[in-house]
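> sequence and predicted structure, then a few things I'm wondering about:
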Amino acid sequence: MTRYILIFATTLIVLFTLELLQPIQAAVIIPFTTFIAQISAGLIGFFDDSVISFGKVIQSKTNGFAVSIEAGCNGVEAVIVLAAAIMGFPASWKQKLGALIFGFFAIQIMNLARIITLFYLGQWHHGVFEWFHLYIWPVLIMLDVLLVFWLWIRYLSKRQDGASNGVVAG
């Protein structure tokens, strides 16, 4: 357990530090956040052609309401927490990479739902928007991280049980 905590904490510190570096922000985080805004606007566009995106902002052409996807709202921090949890767990690098890829997409799909719902909640009722933005969605995103990690551990456990019983797991 001590080994896990040390690897988890070290990975968190290293990845959060890297994320904050200006070259990483400029080359990775800002373009990724812009991409998330474009995807969000594109998904909304299937149902509502009055939305535009520019940079990290999604805006309604109808009423001018806009949301800006800031640090902590692009899913990167949630992926970092998941990565730290995965890195500390005893598994092969192939298994860890698979979990990271699956987890990245699971978190980003949930985050797209978050951004889209907040975009509409903000147009409907500012107080409800704030409540969901500050309390409900952060909890749901972290629960998504926990669920992905738990499912991965269960998957590994079932593979180990099958291998120890002489059954080759797929």
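Ah, there it is. Nothing here was measured: the structure is a model prediction, and the numbers come from that model.

> what does Ile52 show for phi and psi?
Comment: the main-chain dihedrals of Ile52 come out as phi -130, psi 160, following degrees, to the nearest 10.

> surely it touches Ser40?
No - in this structure, Ile52 sits apart from Ser40 without contact. The criterion is CB atoms under 8 Å, and the distance is 11.2 Å. The C-beta positions use only the backbone N, C-alpha and C, and glycine is treated the same way.

> quick one: Ala41 is in a helix?
Yes - Ala41 sits within a helix when classified using DSSP: H, G, I helix; E, B strand; the rest coil.

> and it, what pLDDT?
Ala41 carries a pLDDT score of 97 in this model.

> how close does the closest residue in space to it that isn't next to it in sequence sit to Leu21?
Spatial nearest neighbour of Ala41, chain neighbours left out: Ser53 (3.6 Å); criterion: CB to CB, 6 or more residues apart in numbering. Between Ser53 and Leu21 the distance is 26 Å, computed by CB to CB, to the nearest Å.

> helix or strand: which one has Gln59?
Taking DSSP states H and E as the criterion, the element that holds Gln59 is strand 57-60.

> next SSE after that strand?
The C-terminal neighbour of strand 57-60 among helices and strands, as given by DSSP H and E, is strand 66-68.

> who are the packing partners of that next one?
With contacts taken as 3 or more CB pairs under 8 Å, 6 or more residues apart in numbering; DSSP states H and E, strand 66-68 sits against strand 57-60, helix 93-124.

> got a markdown table for these, with mean neighbour count too?
A markdown table is the format used below for those (neighbours: other CB atoms under 10 Å):
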| stretch | mean neighbour count |
| --- | --- |
| strand 57-60 | 19 |
| helix 93-124 | 17 |
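
> in the one helix or strand in the chain whose mean pLDDT sits lowest, what's buried?
Across the helices and strands of the chain, the lowest-confidence element by mean pLDDT, DSSP states H and E is helix 137-164, at a mean of 91. Using 16 or more other CB atoms under 10 Å as the burial criterion, the residues of helix 137-164 that qualify are Trp137, Pro138, Ile141, Asp144, Val145, Val148, Phe149, Trp152, Tyr155, Leu156, Arg159.
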